[in-house]
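Engineer: the sequence isn't on hand, but the structure is:
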C-alpha cells in the first residue's frame, strides 16, 4: 500500500504540529506576568464574559471571578520595565500605591501632567541639556521627581503629626519618585 500513496503520515504529522503548538502556547503563558496569567485563567472560566455571577475555576489560581482582572494594567507587546520598584530596585508596593493614586485621581493626574510639561519645558532650557551633559528626559525626570517628593512631603508635614507623620515619611523613603516622574513624563 505504501507505494500507492497512503496518507496515514498526514494524520500523524497534523497531530504532531497540534501538540507542538499547544506546547509552545503553554511555554509562552508560563513566561508571562502574573496579571496576564490571571486574565487567561479568567478567560477560560468565562470566555464570553456573559456570566455576572462569580465563578470558581478548577485551575491552579484559586480565585473567584466575575470577568476582567481588577486593577490590571495593560501590557504591550514587550515585557517593558519591571513596574514599581523602590530606589534600590526591589519591588515596591508603596510606589505602586502612589502610582495607582496618581492615575486614578483625575484632579491629581491633570495637575501632575501639567507639572510634567512644565518640567520638560524648563529642562529644555537648562545648561546641562545645552552642554549635552545629560539628556532632556533625565533632567526633566529628576526635576519632576524632586517636585513630587517635595509636594507630598509638604502635604504630610502640614496635615499629620506625631507617629503618623513619622510613618508616612518613612514610607516615602521607599517610593521611587524618579520612576513615578518618568511614568508621568512618558505616558501616552
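Structural biologist: Alright, I've got the coordinates. If you're wondering where the values come from, they're calculated on a predicted model, not measured in any experiment.
Engineer: would you mark the buried spots in the host helix or strand of residue 107?
Structural biologist: Under the criterion DSSP states H and E, the helix or strand holding residue 107 is helix 106-124. Counting neighbours by 16 or more other CB atoms under 10 Å, one finds that the buried residues in helix 106-124 are 112, 115-116, 119-120, 123. C-beta coordinates here come from the backbone N, C-alpha and C atoms, glycine included.
Engineer: do the same with stretch 155-170
Structural biologist: Buried residues in stretch 155-170, defined by neighbour count with 16+ other CB under 10 Å: 156, 168.
Engineer: roughly how far out does that stretch sit from the chain middle?
Structural biologist: Here the centre of mass of C-alpha atoms in stretch 155-170, compared against the chain's by CA atoms, centre = their mean, to the nearest Å, lies 28 Å away.
Engineer: equivalent analysis for stretch 152-167, please.
Structural biologist: Counting by CA atoms, centre = their mean, stretch 152-167 is centred 28 Å from the centre of its parent chain.
Engineer: what's the end-to-end length of that stretch?
Structural biologist: End-to-end distance for stretch 152-167: 14 Å, by CA to CA, to the nearest Å.
Engineer: pull the residues that contact that stretch.
Structural biologist: With contact meaning CB atoms under 8 Å, 6 or more residues apart in numbering, stretch 152-167 is reached by 98, 168-169, 172.
Engineer: tell me the contacts of the residue nearest to residue 112 when sequence neighbours are not counted?
Structural biologist: Distances taken as CB to CB, 6 or more residues apart in numbering place residue 184 nearest to residue 112, at 5.3 Å, with adjacent residues excluded. For residue 184, the contact set (CB under 8 Å, 6+ apart) comprises 102, 112-113, 115-116, 144.
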